[in-house]
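**Student:** okay, sequence plus prediction incoming.
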Amino acid sequence: MEDLSRRSDDELLSLTAQVPEAFGVFYERHVRQVLAFLARGCQNTEDALDLTAEVFAAALSASRRYRPGEAPASAWLFGIARNKLAASRRREAVERKARRRLGMARLTFSDEALERVDELLALAPGDYLDGMGQLSPVERAAVEARVIEERGYPEIAAATGSSEAAVRQRVSRGLSRLARLTRRGP
């Protein structure tokens, strides 16, 4: 197998459709910088981790449409990160207002849940797609809606007739199961 680490970012993105491991190399090159950028713009580590995952899911999804240009691929990636951060800030303002109106506290995640996210970020994105068929239908739908379609928890909850907490739990369980599946292998 070819050593993909010698390839440029542009080459890695153009290879992603045929060689999913190419995106893994691109991810490894940039994940720390993207996480650091988002951490500076977020209120907490949880949000930065969540947004980092969203940025790379969006980049993976858009990699087929990426065209090399005058700007480096990292600029394209950070453009996605800036857009995700801005969208997150808008969502947070709406959620904060709704929580205030309803008198609800913000959900927080345990250290264990944060560690699971960290582990998931370390895996190659192609590994997730391989294991999606092994999730329960509700977990698969929740993970697809949140990670692939980039829909917010309130939107998913409204569409499925579930509570936001139930949707968060389904996404968390689905991602945890995917992590276990990718560690264990087929």
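**Tutor:** The structure has been received and is ready for your questions.
**Student:** walk me through the domains of the chain.
**Tutor:** Here the domain parsing of the chain from automatic domain parsing is 1-105, 107-186.
**Student:** what comes up buried for the lengthiest helix in the chain?
**Tutor:** For the chain, the helix that runs over the most residues, judged by DSSP state H, is helix 73-102. By neighbour count on 16 or more other Cβ atoms under 10 Å, the buried set for helix 73-102 is 73, 76-78, 80-81, 84-85, 88, 95. C-beta here means a position set from N, CA and C on the backbone, and glycine is covered the same way.
**Student:** now stretch 55-65 - C-alpha only, PDB.
**Tutor:** What follows is stretch 55-65, C-alpha atoms only, in PDB (Å, rounded to 0.1, in the frame of the first residue of the first chain):
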ATOM      1  CA  VAL A  55     -16.200  20.000  10.600                       C
ATOM      2  CA  PHE A  56     -14.500  16.800   9.500                       C
ATOM      3  CA  ALA A  57     -17.800  15.100   8.800                       C
ATOM      4  CA  ALA A  58     -18.700  18.100   6.500                       C
ATOM      5  CA  ALA A  59     -15.200  18.000   4.900                       C
ATOM      6  CA  LEU A  60     -15.500  14.300   4.200                       C
ATOM      7  CA  SER A  61     -18.900  14.800   2.700                       C
ATOM      8  CA  ALA A  62     -17.700  17.700   0.600                       C
ATOM      9  CA  SER A  63     -14.400  16.200  -0.400                       C
ATOM     10  CA  ARG A  64     -15.800  15.000  -3.700                       C
ATOM     11  CA  ARG A  65     -16.600  18.600  -4.600                       C
END
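**Student:** not counting that stretch itself, show me its contacts.
**Tutor:** With Cβ atoms under 8 Å, 6 or more residues apart in numbering as the contact definition, stretch 55-65 has outside contacts at 13, 16-17, 23, 26-27, 31, 34, 38, 76-77, 80-81, 84, 121, 125, 147-148, 150.
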